[in-house]
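In: when you get a sec, could you give me coordinates for this:
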Amino acid sequence: MDDKEIRSKIDALVEEEHALRDSSEHTDEQRARLRQIEEERDQLWDLIRQRDAKRQYGEDPDEAQPRPEPQVENYLQ
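Out: Residues are numbered from 1 along each chain as shown. All right, here's what the predicted structure looks like:
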């Protein structure tokens, strides 16, 4: 995936997240999907950051790989 595809996927996830959050009641399935969306979105943002860093240091951004969800979710903010 290139940067444009990654950002497009992030935008789609954000739209889906907003739609789910705007609903009046949340089922267990909706809550699980929201968690999944958050995790996937965080992984994609991490991938964008990796690609930017590789580009900055003259490396091939296409070598960046998505990191496992537990690793991304445990980063300190």
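In: please make it C-alpha for all contacts and neighbour counts, starting now.
Out: Will do.
In: and the next helix or strand past the helix or strand harbouring Gln43?
Out: Under the criterion DSSP states H and E, the helix or strand holding Gln43 is helix 28-56. Downstream of helix 28-56, the next assigned helix or strand under DSSP H and E is helix 69-73.
In: other SSEs contacting that next one?
Out: Where contact means 3 or more C-alpha pairs under 8 Å, 6 or more residues apart in numbering; DSSP states H and E, helix 69-73 is packed against helix 28-56.
In: ok, now which ones touch the residue nearest the centre of the chain?
Out: Closest to where the C-alpha atoms of the chain average out (C-alpha atoms, centre = their mean) is Arg41, at 1.9 Å. By C-alpha atoms under 8 Å, 6 or more residues apart in numbering, the residues touching Arg41 are 10, 13-14.
In: one more: Ala64?
Out: Ala64 makes contacts with 47, 50-51, 54, as judged by C-alpha under 8 Å, 6+ apart.
In: at 6 Å instead, please
Out: 50-51 (C-alpha atoms under 6 Å, 6 or more residues apart in numbering).
In: show the pLDDT at it.
Out: Note for Ala64: predicted pLDDT of 95.
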